[in-house]
Structure formats: structure tokens, C-alpha cells
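Asker: Here is my input, please return the structure:
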Amino acid sequence: MANRDSLDGWLRVLVSRGAADLFLVSGVAPAIRLNGVVTPMPEAPLEGEAIEAAMLPILHPQALERYRNDGSADVSLRRAGLGRFRINLHRERGHAAATIRALPAQPPLLVELGLPSQVEQITRLHHGLVLVGGATGSGKTTTVAALVNEINRRDAKHIITIEDPIEYEHAHQRSIVEQVEIGVDAPDFPTALRAALRQAPDVIVIGEMRDPETMKIALTAGETGHLVFSTLHTTDVTSTVARVADSFPPERQPTIRQDLSMALGAVLTQTLLPRTGGGRVPAAELLMIGYGARQHIRKNALQHLHQEITITKRSGSLTLEESLAQLVHKGLISADDARTRTGHAEELEGLLRH
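Answerer: You can find the predicted model right below:
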């Protein structure tokens, strides 16, 4: 039967190997993900009871109730000498399972992420909703943490983050940073977000917009003078914008598109690709919202947003194809890997030839 010692042992392997994730699944040995590759540890297969025995003691009461009722819960964990971790405890095929991600001790610097230089301008927006999209594991949360860190280091602002759970801990630098954890400091995102709006914030970070109520409050905050960051599980700028309106009933969508067209400040999406020589490197697509994009969003003509990115390059917009081509020309990724990620093959081929 697993216990705290077992959990700490698994975490030590995760940290010592420099891996990103630890997977505990019934019927197979514990496994880690290193540079995108999942590798089992040299241990016997786990049982669901052993996973629960290791995980349940670390859940706070609200998380334990969510796990019992809904079969899934997220928590953060700090272990002296090991660091901080984000844990998702869930059930699969009737057994307990867990995914654990190692969190850096400090939020990263934006320049360390390898994103296109245009991304930095997002931190200089005074207000508006900034959506960061990408697949699971594409680094969205890390990018938002780096954007917040950039503001924190440079500007004297009041920043409030609302997360489930808190991933990166921000020290107070030039800014004051308050961090609210769902299930510990507030019961849910809408409640925490409404409270935050009464606390005179300049910047609000919403870990993830999971429901229409949170989205509507975020839109209002972006329209009323706040800079709001949030993430969505999407693949490109067009699908990110579409996801917000599509989350509402059809009869509300025209109003939401109107609100979205006014509230949006920027949309950033990113994907991770294998780096030549090992590791991974991000490619990104960025749309800085201007008059044209607002008109397309209002009219639900989202098929024109890619063209809008190319039109607004002077404002800092960047197509994914430009980002991929830059990485190929720098020798950081292969042309074949770039081709697997593009949605506009002819555009990419033209950029690769130059």
C-alpha cells in the first residue's frame, strides 16, 4: 500500500530527472514525461487503492469532496526540499489515477520561453481581455505566468490571479500580487471574479474560463478598464474566438459576439514542437485586436481573422506560419515538423522558400 513515503519517492524521481509530469495509473508502473516522451519507472504496476492511499491525505476538504462527488479534483502541493506540484486526482475504468506536474520555484522570464518577440507587447496593453489558447500541455499557463511576471517586474500595478490550483507563486515586486485559489480562498471562479472586481485590480488572471458565467464576467471586466488574462483549450486564433461565443445558448450569441468584439485586446495561441537536438520549442500565433478584427467578430465572420493577422503585422500580429518559418530558418525545428502544425500549407511553403 502506498503512503506519503511512496509519493515523496515518486516526486524525487520526477524532480531529479527534470521531467515535466508524473503519471500514476492502475495496472502500470509509475511513469514520467521527459521532453515529451513518457517513460515508466522500474517499479511494479500500481493498484488504484495504492494511488488513493498516497493521494487522499494531501487533498483539502473541498478537493476531497469534489473527488468523492465528481471523480476528479485539482490541488497544489508543496514538499520541503522537492518544490511545488500541481496534482489532478481522477478516476479511470473504476480506479484512482493521478497526474502530477512539477512547478518551477519561480515564474519564468518571458524572454526565457523562446516565444516570438511580438508577444511582449501584450503586457503593455492598458485594458482588454487577452486569451491564450493551445492544446493541453502546450505551455499556456507558463506563458500567462511569464506575462504577469513581466508586468510585476516593470510596472506598479495591483494584480489578482484566480487559479485552480495556484501554479506559479509570484513575489511582490513593483506590483502587489494577490493570488486566490479556488476551493481554498473562494468556492468557484465566478464568486472569486466578482469579488476581485471590488478590489480595485489593474490586472486580473483567470486560470481557465470553464463556464459561460465566468466568461461573461471576464468580458465585462475587459470592457471596463481592466487587463484580463485567461486560457482556453483551442488550437488557433479563430477557434479561440469561436469557443467563447459557442459556449453560450444560440439566442445569446449575437450579444456575446458584440461584447467580445469590444472586450478583446489580443488573442495568442501556441504549440510546442520538437527542438532540433532535443527538448521542445514554442511556435505562436498572435492577433492584436483592431477595428477590422472587431467587425469580423461582431458579424461572426471569423474565417477572415487569419487574413486580419496578416493585415495587422505593423501592430504586432503574427501568423503561426511566420512563427514556424522563423524557427525552421533558425535551425530550431525541422521543416517536416513545421508542416505538421500549419493550417495554411501554401503560406508556410512560401515562407520556407524565402
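
Asker: just checking, what packs against the strand or helix carrying residue 55?
Answerer: Secondary structure from DSSP states H and E places residue 55 in helix 48-55. Where contact means 3 or more Cβ pairs under 8 Å, 6 or more residues apart in numbering; DSSP states H and E, helix 48-55 is packed against helix 4-16, strand 21-25, strand 95-103. All C-beta atoms are positioned from the backbone trio N, CA, C, and that covers glycine.

Asker: all helices for the stretch 201-350 of the chain, in order.
Answerer: 212-223, 237-246, 253-263, 291-298, 305-311, 320-329, 335-341, 345-353 (DSSP state H, counting those that start in this stretch).

Asker: Including mean pLDDT, could the ones you listed go into CSV?
Answerer: Formatted as CSV, these follow (pLDDT from 0 to 100):
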stretch, mean pLDDT
helix 212-223, 96
helix 237-246, 96
helix 253-263, 97
helix 291-298, 98
helix 305-311, 96
helix 320-329, 98
helix 335-341, 97
helix 345-353, 96
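
Asker: Redo those helices as CSV? Include mean neighbour count and distance to residue 10.
Answerer: Shown next, in CSV, are the helices of the stretch 201-350 of the chain (neighbours: other Cβ atoms under 10 Å; distance: least, Cβ to Cβ, whole Å):
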stretch, mean neighbour count, distance to residue 10
helix 212-223, 21, 33
helix 237-246, 21, 35
helix 253-263, 18, 43
helix 291-298, 18, 46
helix 305-311, 19, 43
helix 320-329, 22, 34
helix 335-341, 15, 31
helix 345-353, 14, 41
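
Asker: Any regions of the protein where pLDDT drops low?
Answerer: Segments of the chain classed as low confidence (criterion: pLDDT under 70) are 1-5.

Asker: Domain-wise, how is it divided?
Answerer: Following automatic domain parsing, the chain resolves into domains at 4-103, 110-318.

Asker: Which of those domains has the highest mean neighbour count?
Answerer: Most buried of the domains of the chain, by mean neighbour count (mean count of other Cβ atoms under 10 Å): domain 110-318, with a mean of 19.

Asker: Now the terminal residues of that one, how far apart.
Answerer: 17 Å (Cα to Cα, to the nearest Å).

Asker: now that domain: how far from the chain's centre is it?
Answerer: 9 Å (Cα atoms, centre = their mean, to the nearest Å).

Asker: got it, and stretch 82-97?
Answerer: Centroid separation for stretch 82-97 versus its chain: 19 Å, with Cα atoms, centre = their mean.

Asker: Give me the contacts around stretch 322-342.
Answerer: Applying Cβ atoms under 8 Å, 6 or more residues apart in numbering, the external contacts of stretch 322-342 come out as 114, 116, 271, 273-276, 281, 283-285, 320-321, 345, 348, 351-352, 354.

Asker: ignore the last one, stretch 48-60
Answerer: 1-4, 6-7, 10, 24-26, 64, 67, 73, 75, 77, 87, 89, 94-98, 183-184.

Asker: Assign the residue nearest to residue 154 when sequence neighbours are not counted to helix, strand or coil.
Answerer: Excluding its sequence neighbours, the residue lying closest to residue 154 (Cβ to Cβ, 6 or more residues apart in numbering) is residue 174, at 6.5 Å. Three-state call for residue 174 (DSSP: H, G, I helix; E, B strand; the rest coil): coil.

Asker: Might one say that residue 72 is in contact with residue 96?
Answerer: No. Between residue 72 and residue 96 there is no contact under Cβ atoms under 8 Å: 10.6 Å.

Asker: Need the residues touching each of these two.
Answerer: Joint contacts of residue 72 and residue 96 (Cβ under 8 Å, 6+ apart) are 89, 90.

Asker: ok, the closest residue to residue 302 other than its chain neighbours to residue 61 distance?
Answerer: Counting by Cβ to Cβ, 6+ apart, residue 302 lies nearest to residue 238, which is 5.0 Å off, once chain neighbours are set aside. Applying Cβ to Cβ, to the nearest Å, the value for residue 238 to residue 61 is 41 Å.

Asker: which residues does the nearest residue to residue 203 once chain neighbours are set aside bridge with?
Answerer: Nearest non-adjacent residue to residue 203, counting by Cβ to Cβ, 6+ apart: residue 159, 4.4 Å away. Following DSSP bridges, residue 159 is listed with bridge partners residue 177, residue 203.

Asker: so residue 22 touches residue 10, yeah?
Answerer: Yes. Using Cβ under 8 Å, residue 22 is in contact with residue 10, at 5.8 Å.

Asker: Return every residue with contacts to both of those two.
Answerer: With Cβ under 8 Å, 6+ apart as the test, residue 22 and residue 10 both reach 30, 100.

Asker: For this protein, which helix extends over the most residues?
Answerer: helix 140-154 (DSSP state H).

Asker: can you list contacts of that helix?
Answerer: With contacts defined as Cβ under 8 Å, 6+ apart, helix 140-154 is touched by 107-110, 112-113, 115, 119-120, 122-123, 130, 132-134, 157, 159, 161, 167-168, 170-175, 177, 203, 205, 207, 229-231, 268, 270, 282.
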